[in-house]
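Engineer: Here is a sequence with its predicted model. Questions after.
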Amino acid sequence: MAPIVTLALMAASLLGVMSAPVSHDYKVEVAALNTKYSGYGITGTDKFHRGACHDIEYSSSDAVVAINAAQFGDSKHGSSACGKYVKVNRADSDSNYYIFKVVDVCKDCEENTLLFSERALREFSDQDHLSIDWKLIEDGEEGKEDKEQKEEKEEKEEEDDHDDDHTSKPESSHHSDRTYRGRGTWFSDTRGSCGVDFSQDEMIVALNEAQQGEQYGPNSKCFQKIRVSVKGEPSKSVVVRVVDTCPHRYCSYGQLDLSQAAFKKFAPMSKGVLDLEWSFV
């Protein structure tokens with residue numbers, strides 16, 4: 001009987017090894033802030049883990065992102081990427097970047113890979129798998145980037161003035177000179193974050209949260225006017241007034257939600273999404 005007992009013990013030992021948890025050798029570290037990573041962007045709502053960021057609710061129609069498990073961190077101990085943002089650009093073009101909120105972990109994604117919701121990925125690609133560059137950033141980085149870009153533009157204008165041997169010009173607002181680009185959709189509300197009632201027959205707009213500023217703060221864009229045109233058609237433009245905010249979960253930096261009347265100046269509402277260029281006036 002001894003050989004049988006020995007064989008049984010060996011089988012039990014082997015079975016125990018086979019049933020032991022498999023280690024994926026994850027670093028369990030959150031990606032470093034403001035550090036460039038090169039990897040892939042993919043989409044697939046079935047790959048979202050759901051629940052990794054316990055206090056963040058989202059739906060499959062939101063423009064959001066999940067980070068691979070190796071760079072997500074540990075949400076149980078408050079050291080994860082939950083609630084932070086990723087700044088993304090296509091690897092073949094660094095002239096345009098997009099910002100999305102991190103709401104989950106992708107357990108099946110390889111390191112340096114980001115999982116986008118369908119709505120998020122379609123903002124910059126019609127592919128389901130593409131090469132990207134990305135950084136993990138804190139909320140509010142958009143304002144910092146906007147300031148840096150503004151300063152760079154001012155420096156370039158000063159250099160151009162010097163090169164052309166022009167005398168100093170009166171100080172002007174660079175704020176109204178800058179052109180922004182982003183997706184444009186339409187919305188249905190009749191009261192907004194600026195505290196006024198409005199009609200969808202008016203030429204109005206909801207500005208993305210990253211550029212809106214606090215309602216009563218010094219940088220609030222409430223009631224400012226914006227000139228909007230479809231990309232590539234600058235001669236066909238409309239002027240709209242800011243009366244509302246499009247939350248970050250729906251609108252990334254540079255994006256607008258137009259009133260139905262304003263949207264129909266460019267296309268029927270059934271089109272849904274436009275590629276816009278706009279500036280403050």
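Structural biologist: Perfect, thanks for sending it.
Engineer: Below-threshold pLDDT in the protein: ranges please.
Structural biologist: 1-28, 45, 49, 60, 77-78, 139-177, 214-218 (pLDDT under 70).
Engineer: Phi, psi for the nearest residue to D108 once chain neighbours are set aside please.
Structural biologist: Nearest residue to D108, sequence neighbours excluded (CB to CB, 6 or more residues apart in numbering): K47, at 5.7 Å. C-betas here are computed from N, CA, C, even on glycine. When read as degrees, to the nearest 10, the backbone of K47 gives phi -90, psi -10.
Engineer: Could you count how many residues lie near K47?
Structural biologist: Burial measure for K47: 15 neighbouring residues, criterion other CB atoms under 10 Å.
Engineer: distance of it from A91?
Structural biologist: For K47, the distance to A91 (CB to CB, to the nearest Å) stands at 21 Å.
Engineer: residues contacting D275?
Structural biologist: Residues counted as contacts of D275 (CB atoms under 8 Å, 6 or more residues apart in numbering) are R181, R183, G184, V230, K231.
Engineer: How are the strands of the stretch 51-200 of the chain distributed by residue range?
Structural biologist: Remark: strands assigned in the stretch 51-200 of the chain by DSSP state E, counting those that start in this stretch are 64-68, 85-90, 98-106, 114-116, 129-137, 180-186.
Engineer: what residues does the next helix or strand after the last one touch?
Structural biologist: It refers to strand 180-186. For strand 180-186, the following helix or strand on the C-terminal side (DSSP states H and E) is strand 204-208. By CB under 8 Å, 6+ apart, the surrounding residues in contact with strand 204-208 are 182, 187, 189, 192, 198, 221, 226, 228, 240-246, 248, 251-259, 262.
Engineer: Just the ones in helices from those residues, please.
Structural biologist: A262 (DSSP state H).
Engineer: Quick one: buried ones out of the contacts of strand 204-208?
Structural biologist: Neighbour-count burial (16 or more other CB atoms under 10 Å) applied to the contacts of strand 204-208 gives 182, 187, 192, 198, 221, 226, 228, 240-246, 248, 251-259, 262.
Engineer: Could you verify my assumption that T113 touches T43?
Structural biologist: No - using CB atoms under 8 Å, T113 makes no contact with T43, being 11.3 Å away.
Engineer: so what's the nearest residue to E110 once chain neighbours are set aside up against?
Structural biologist: Once flanking residues are discounted, E110 sits nearest to N68: 6.3 Å by CB to CB, 6+ apart. N68 makes contacts with V105, C106, C109, E110, E111, N112, T113, L114, L115, as judged by CB under 8 Å, 6+ apart.
Engineer: Please apply the same query to V230.
Structural biologist: Neighbour list for V230: K236, F266, A267, L274, D275, L276, E277 [criterion: CB under 8 Å, 6+ apart].
Engineer: can you do 6 Å?
Structural biologist: Contact analysis of V230 by CB atoms under 6 Å, 6 or more residues apart in numbering lists F266, L274.
Engineer: Can you report phi and psi for it?
Structural biologist: Backbone torsions for V230, taken as degrees, to the nearest 10, come to phi -80, psi 140.
Engineer: That one and L258: what is the separation?
Structural biologist: To L258, V230 is 11 Å away according to CB to CB.
Engineer: Tell me, how many residues neighbour the nearest residue to L130 once chain neighbours are set aside?
Structural biologist: Computed as CB to CB, 6+ apart, the closest residue to L130 that is not its neighbour in sequence is G41, at 5.5 Å. Neighbour count for G41, taken as other CB under 10 Å: 25.
Engineer: before we move on, what about V102?
Structural biologist: V102 has 26 neighbouring residues, counting by other CB under 10 Å.
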